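# Fold the following and give me the result.
(one chain, ligands or ions: 1)
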Amino acid sequence: MRYTRMPIEIESPEEIGYSTIRYNLAESSIRDIPLGELNLNLNDLVLSYGHHRGHPDLLDCIASESTVLTPADVLVCSGAASALFVVATTLLSEHDHLIVVRPNYATNLETPRAINCEMSLIDLTFDEQFALNIEQVRQAIQPTTRLISITNPHNPTGTVIPETVLNELVALAEAYNCYLLVDETYRYLNFQTPLLPYLAQKSKHVISVSSLSKAFGVPGIRIGWIICRDASLMHRFLAAKEQIMITNSVVDEQIALHVLQHQASQLAEAHQHIRTNFALTQQFFAQTPYLEWVEPTAGVVCFPRLKAGYSLNTDNFYQSLYSAYQTIVGPGHWFEQDKIYMRVGFGYPTTDELRTGLQNIERCLEEHIKP
Ligand SMILES: Cc1ncc(COP(=O)(O)O)c(C=O)c1O
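Coordinates of the predicted model:
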């Protein structure tokens, strides 16, 4: 495995220091919460190894979202990040081929690269509203294709793949006897529509990955999961998990269980906040002369770009945005895109912080832009 550190992690807010950032528009989640807010007493919890698949109540709770899934279809991992790692390292070797949509969360690209497998990239473009073209996926399939990897809702654009296209992708995976990996880390951030069912419900050829990190303010407990109805594949995923970490932290699992059992009220509050901030973000993009966006439909991020006709020294801009305005966003290179693109997160900041953060982006652009 050839590991390289990813810019999105090297330059992440937690690595540069939360205390140095006043207007944090770089996050793809809602605001983190203190443990005390959960009113949870864990004094009697025995700090033993946990269940290898995940605490049975947690597996139950996750599977109970669907009438099709059972707890045996669920494997709890340490965040979606380790779930994605388990999937990639179980399914792929250097002789295998996979298809990955880009831009994407860096791990979905970097772990296959670390394995050194052959990869076809499907580039989503601003001009096509970041929509996935199923024909491009079909044409990229090879005899050695093991995996088609997508993210839905999408990071960093906040777009959602229509159900008809998802169905076509499932049919492709079945027809070519490969797996469709759907990174559904943002599934609870559907602030405009009902919660989407896990795509893994539909076929044994689909692997869904999800997480508690984005919608509940608890990324620090590192709980995510894999869902797949292929029992023999789940057995291999469990073997991978056991070799990496044996079990999850029992403390994390208890907190996760509590969060999921109280999800309805937490999500109602989170979605309300997101809707308020989304409206503000819409107003901003309706009036800013410098940036254009594809309006997101779910999640808490969007991926605007500098309008044509302007020229910008992007490195100076991002540096000054941070040092002079204490504001950060996710520059395009976090997603292997030009730095005239930036990911703006509107769910993490308070409404006041978002307002000022967006104003800061505009002021800083004004200072650095050349017509
Ligand atoms: C699409 C996607 N997948 C996975 C992850 C990792 O999430 P987790 O904190 O659950 O490991 C992220 C985090 O930003 C993400 O955006």
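
# Identify the residues contacting the helix ranked longest in the chain?
If you go by DSSP state H, the chain has its longest helix at helix 263-287. Identification of contacts with helix 263-287 by Cβ atoms under 8 Å, 6 or more residues apart in numbering yields 30, 188-189, 191-192, 215-217, 259, 291-293, 295, 300, 302, 304, 344, 346-347, 349, 351, 354-355, 358, 362. Bear in mind the C-beta positions are built from the backbone N, C-alpha and C, glycine included.

# 6 Å instead?
30, 191, 215-216, 293, 300, 346-347, 351, 354, 358 (Cβ atoms under 6 Å, 6 or more residues apart in numbering).

# likewise stretch 175-195?
Stretch 175-195 has contacts (Cβ under 6 Å, 6+ apart) with 80, 87, 141, 145-153, 169, 173, 196, 199, 205-211, 214-215, 271, 274-275, 298-300.

# Is there proximity between it and the ligand?
Yes: interface with the ligand: stretch 175-195 contributes 183, 185 (Cβ under 6 Å from any ligand atom).

# Output that stretch as CSV, nothing but the C-alphas.
Taking Å, rounded to 0.1, in the frame of the first residue of the first chain, the C-alpha atoms of stretch 175-195 are listed here in CSV:
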residue,chain,number,x,y,z
ALA,A,175,-25.3,-7.1,-15.4
TYR,A,176,-21.5,-6.8,-15.2
ASN,A,177,-21.2,-8.8,-12.0
CYS,A,178,-19.5,-6.1,-10.1
TYR,A,179,-20.4,-4.0,-7.0
LEU,A,180,-21.8,-0.6,-6.7
LEU,A,181,-20.4,1.3,-3.7
VAL,A,182,-22.6,4.2,-2.7
ASP,A,183,-21.1,6.5,-0.1
GLU,A,184,-24.2,7.7,1.7
THR,A,185,-22.4,9.6,4.4
TYR,A,186,-24.7,12.7,3.8
ARG,A,187,-28.0,10.7,3.8
TYR,A,188,-29.3,12.3,7.0
LEU,A,189,-28.8,15.8,5.6
ASN,A,190,-31.8,15.7,3.2
PHE,A,191,-33.2,18.9,4.5
GLN,A,192,-35.7,19.3,1.6
THR,A,193,-36.9,15.8,1.0
PRO,A,194,-37.8,12.7,3.1
LEU,A,195,-34.9,10.4,4.1
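
# model confidence over it, on average?
In this model, stretch 175-195 has a mean pLDDT of 95.

# Repeat that for stretch 309-320.
Rounded mean pLDDT across stretch 309-320 is 95.

# Can you name the residues in contact with that stretch?
Here stretch 309-320 makes contact (Cβ under 6 Å, 6+ apart) with 306, 331, 339, 364, 368-370.

# Now find how far off-centre that stretch is within its chain.
27 Å (Cα atoms, centre = their mean, to the nearest Å).

# For that stretch, output the C-alpha coordinates as PDB.
The C-alpha coordinates for stretch 309-320 follow below in PDB (Å, rounded to 0.1, in the frame of the first residue of the first chain):
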ATOM      1  CA  GLY A 309     -13.900  37.000 -17.000                       C
ATOM      2  CA  TYR A 310     -12.200  37.400 -13.700                       C
ATOM      3  CA  SER A 311      -8.700  36.500 -12.800                       C
ATOM      4  CA  LEU A 312      -7.500  35.700  -9.300                       C
ATOM      5  CA  ASN A 313      -4.300  34.700  -7.600                       C
ATOM      6  CA  THR A 314      -6.100  31.900  -5.700                       C
ATOM      7  CA  ASP A 315      -3.300  31.100  -3.300                       C
ATOM      8  CA  ASN A 316      -3.100  34.700  -2.200                       C
ATOM      9  CA  PHE A 317      -6.900  34.800  -1.900                       C
ATOM     10  CA  TYR A 318      -7.200  31.800   0.400                       C
ATOM     11  CA  GLN A 319      -4.200  32.900   2.400                       C
ATOM     12  CA  SER A 320      -5.700  36.300   3.000                       C
END
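
# Now, of the contacts of stretch 309-320, which are buried?
306, 331, 339, 364, 368-369 (16 or more other Cβ atoms under 10 Å).

# Please identify which of those is nearest to the ligand.
Relative to the ligand, the closest of these is P331; by Cβ to the nearest ligand atom it sits at 15.1 Å.

# Kindly provide the whole-number mean pLDDT of the helix or strand harbouring R138.
Using DSSP states H and E, R138 maps to helix 134-140. Helix 134-140 comes out with an average pLDDT of 97.

# and that helix, which residues are buried?
Per 16+ other Cβ under 10 Å, helix 134-140 contains these buried residues: 134, 137, 140.

# Give me the below-cutoff pLDDT ranges for this protein.
371 (pLDDT under 70).
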